[in-house]
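Q: based on what follows, work out the 3D shape:
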Amino acid sequence: MGEVVQMNATHTNSPDTRLLLGLGADDASTRLAVALAIGTHVRPGFVDALLARCSVEPDFFVRDMLTWALTRYPAEITVPRLLVELRSHVAQARSQALHTLSKIGDGRAWPAITRSLLHDADHEVARAAWRAAVALVPAGEETGLAAELASQLGRGDRDVQLSLTRALVALGEVIVPALNTAMTSDDPAVRVHARATELMLRDPDAGFDSAVDEAQQLVTPTVTKPGSQRADR
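A: Sure thing, here's the model as predicted:
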């Protein structure tokens, strides 16, 4: 971050330099305010600094504000840089880039939502990839995406499974064949998750936990419900 500030300080006025420095402030509320200011008053040259901060920012709310700020810039500038971030070895850089691409909604990013991202070993990256894929999938490719997503039914804890269910349900009726296939799995956790997702498709207001409980009764009474940690963002 220091190198970014030093590089830009000679080419920007004092307020811009302070903003760049503020992205790395110790106080999260300061970083939040700075990200808001950068998004509110768009200036050329801030995109790289926002992306650099996305990969290391520890606060969820600041990360969301960084994403909002990036969406305020022209997609012609942000999307190519975000696609580069998808190849980062830093998991948070990949997940934040995916999250931001889902918010921008530029279809040119679709080819970059690769199978490796959809199956990323890091749960947060995979969850962001599922959301981005659903947001960006072109017409006619929903069935293939549904099958790809359904291949991960039963993965992770309650929150990971909730994210996958939400992504699948957002695709609509095209997911039914993939769910039917998953419900024949030898893995009871996969069968329960598939059934719960089908129940959510039929009645989204039922709630995920209730759907899992009902699915357990329908599939097998011995499967333990995934542990709950936090709500899906």
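
Q: relative to Ala49, how far out is Glu57?
A: 12 Å (CB to CB, to the nearest Å). Every C-beta, even on glycine, is put in place using the N, C-alpha and C of the backbone.

Q: ok, now which ones touch Ala135?
A: Taking CB atoms under 8 Å, 6 or more residues apart in numbering, we find Ala135 in contact with Leu101, Ser102, Gly105.

Q: wait, the first one touches Leu136, no?
A: In this case it means Leu101. Yes: counting by CB atoms under 8 Å, Leu101 does reach Leu136; the two are 7.0 Å apart.

Q: who touches both of the two?
A: Joint contacts of Leu101 and Leu136 (CB under 8 Å, 6+ apart) are Ala109.

Q: neighbour count winner among these two?
A: Neighbour comparison, Leu101 and Leu136: the larger count goes to Leu101, with 32 against 22 (by other CB atoms under 10 Å).

Q: pull out the buried residues from stretch 88-103.
A: Across stretch 88-103, burial judged by 16 or more other CB atoms under 10 Å covers 91-103.

Q: what ranges do the helices span in this structure?
A: Assigned by DSSP state H, the chain shows helices spanning 2-9, 14-22, 28-40, 47-54, 60-71, 75-85, 91-104, 115-118, 123-136, 142-150, 158-171, 176-182, 188-202, 208-219.

Q: can you name the residues in contact with the shortest one?
A: To tie it back to what came earlier, the one meant is helix 115-118. Contacts for helix 115-118 (CB under 8 Å, 6+ apart): Leu86, Arg94, Leu98, Val125, Ala126, Ala129, Trp130, Ala133, Glu148, Leu149, Gln152.

Q: can you rerun that using 6 Å?
A: The contact list for helix 115-118, computed with CB atoms under 6 Å, 6 or more residues apart in numbering, reads Ala129, Glu148.

Q: same check, this time on the third one
A: Under the criterion CB under 6 Å, 6+ apart, residues Leu19, Gly22, Leu23, Ala25, Phe46, Asp59, Val62, Met65, Leu66, Trp68, Ala69, Arg72 lie in contact with helix 28-40.

Q: report the buried members of the residues you listed.
A: Here, 16+ other CB under 10 Å leaves Leu19, Gly22, Leu23, Phe46, Val62, Met65, Leu66, Trp68, Ala69 buried among these.

Q: can you convert those into JSON lines and add a column each for pLDDT and distance to Leu162?
A: What follows is these, written out as JSON lines (pLDDT from 0 to 100; distance: CB to CB, whole Å):
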{"residue": "Leu19", "pLDDT": "87", "distance to Leu162": "36"}
{"residue": "Gly22", "pLDDT": "91", "distance to Leu162": "35"}
{"residue": "Leu23", "pLDDT": "93", "distance to Leu162": "32"}
{"residue": "Phe46", "pLDDT": "93", "distance to Leu162": "34"}
{"residue": "Val62", "pLDDT": "98", "distance to Leu162": "24"}
{"residue": "Met65", "pLDDT": "97", "distance to Leu162": "24"}
{"residue": "Leu66", "pLDDT": "97", "distance to Leu162": "24"}
{"residue": "Trp68", "pLDDT": "97", "distance to Leu162": "23"}
{"residue": "Ala69", "pLDDT": "97", "distance to Leu162": "28"}
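
Q: tell me the one among these nearest to Ile175.
A: Nearest to Ile175 among the buried ones among the contacts of helix 28-40, counting by CB to CB, is Trp68 at 30.0 Å.

Q: and that closest one, how far is that from Arg108?
A: From Trp68 to Arg108 the distance is 20 Å (CB to CB).

Q: for Ala35, same thing?
A: Distance from Ala35 to Arg108, by CB to CB: 25 Å.

Q: which one's more surrounded, those two?
A: Higher neighbour count among Ala35 and Arg108: Ala35, with 28 against 14, using other CB under 10 Å.
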